[in-house]
Each structure stands twice: as C-alpha cells, then as structure tokens.
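**Q** Just the structure for this:
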Amino acid sequence: MRVLFVCMGNICRSPTAEGVARAIRARRGLVEQVDIDSAGTHGYHVGASPDSRSTATAKRHGVDLAGLRSRQVEAADLDRFDLVLAMDNANLEDLLALKVRHGGPAEIHRLLDYAGGGEVPDPYFGAGDGFERVFDAVQRGCEALFDDIEARLRPAD
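**A** Numbers count the residues shown, from 1 in each chain. Take a look at the predicted model:
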C-alpha cells in the first residue's frame, strides 16, 4: 500500500501527516507493507525542510520530521500511489483536476474523511495553537486511516 499526503506547500500539514503516519506505521508493525510520502499542490517551497513550527510541534509529540523535503505533486504520483490524501477541499479539488487531466488509479480523498470528515486547517499564517490543532487533526485522521489500511491488508476469509 502506498500513501501520499498532500497540502499546498508541503511544509506544514502534509509533512506532519507523513511523520505521524510513519510513527503509526512503525507502532503497528506495517513498515514493510505501507510506503508513505508527502507533496504539495504548489511548488513554492520545493526542496525546503518542514516549517520550524511544524517540526517543533511534532517533536513535542515524539514525531521526527528530520530529513523530509518539500516536493510538488506530479501526475505520475497518481500512478505510483494507492491513496492520495488531501488536507483540505482546495487541495482535493487540485488533485481531482490533476486526475481528470492525467488519469491514474489512485484513490483521492481528504485525510479527515477517515475520521468523520472535515479539513486540516492551514496554520501557516495563523498564530496561537494552530500547529497543535493540525497535529491533533492529523493524528486522529492517520489513526483512522491505518484502521482502514489494516482492514485492506487483511487476507479475505
């Protein structure tokens, strides 16, 4: 199973989701069964490390974002990944438009569709606890996502 998390610039929400998903994958013993990556719908920050506020928030929760670098989503991702998960409706629309133009078998959803719906808010220009809210939403979404992945990976009786 191959999973791609997508936000706008790939420096706040989607790298946080990638880091959280990697931690959950390890805890659930699925390192060999699940590949994880992240990307952005825009190329504003290609090659950049995650935002320092995302990195600090993740670190407080025991999640390491070191080594992650921003990249822009590309049409080939819709062939490479089984699940492409948008952080919000705007990202979802961009991904669905890419799929219309280029095709590909990837399923495209919002991450929080696995946890009752909603969007992961963009904390980039905000203040206060925005990055904590992102982490909490991503954690909730990724736990529910991995419940779904485990069900998909179970052999049929």
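
**Q** Could you point out which residue ranges in this protein have low pLDDT?
**A** For the chain, applying pLDDT under 70 flags the ranges 157.

**Q** So which residues of it form helices?
**A** 13-27, 52-60, 77-80, 89-102, 130-153 (DSSP state H).

**Q** Include distance to residue 108 when you put those into JSON lines, please.
**A** For glycine as for every other residue, the C-beta is placed from the backbone atoms N, C-alpha and C. What follows is the helices of the chain, written out as JSON lines (distance: least, Cβ to Cβ, whole Å):
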{"stretch": "helix 13-27", "distance to residue 108": "14"}
{"stretch": "helix 52-60", "distance to residue 108": "23"}
{"stretch": "helix 77-80", "distance to residue 108": "8"}
{"stretch": "helix 89-102", "distance to residue 108": "5"}
{"stretch": "helix 130-153", "distance to residue 108": "14"}
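
**Q** Could you dump those into JSON lines and include mean neighbour count?
**A** As requested, the helices of the chain are exported to JSON lines (neighbours: other Cβ atoms under 10 Å):
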{"stretch": "helix 13-27", "mean neighbour count": "24"}
{"stretch": "helix 52-60", "mean neighbour count": "18"}
{"stretch": "helix 77-80", "mean neighbour count": "17"}
{"stretch": "helix 89-102", "mean neighbour count": "16"}
{"stretch": "helix 130-153", "mean neighbour count": "19"}
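
**Q** how many neighbours does residue 66 have?
**A** The local packing of residue 66 (other Cβ atoms under 10 Å) involves 10 other residues.

**Q** again, but for residue 71
**A** Neighbour number of residue 71 under other Cβ under 10 Å is 18.

**Q** Hmm, it is touching residue 44, no?
**A** No: if you go by Cβ atoms under 8 Å, residue 71 and residue 44 don't touch, sitting 11.4 Å apart.

**Q** Just the residues contacting stretch 122-135, thanks.
**A** 7-9, 11-13, 16, 20, 51, 53-54, 56-58, 61, 87-88, 120-121 (Cβ atoms under 8 Å, 6 or more residues apart in numbering).

**Q** Just the terminal-to-terminal distance for it.
**A** By Cα to Cα, to the nearest Å, the extent of stretch 122-135 from end to end equals 11 Å.
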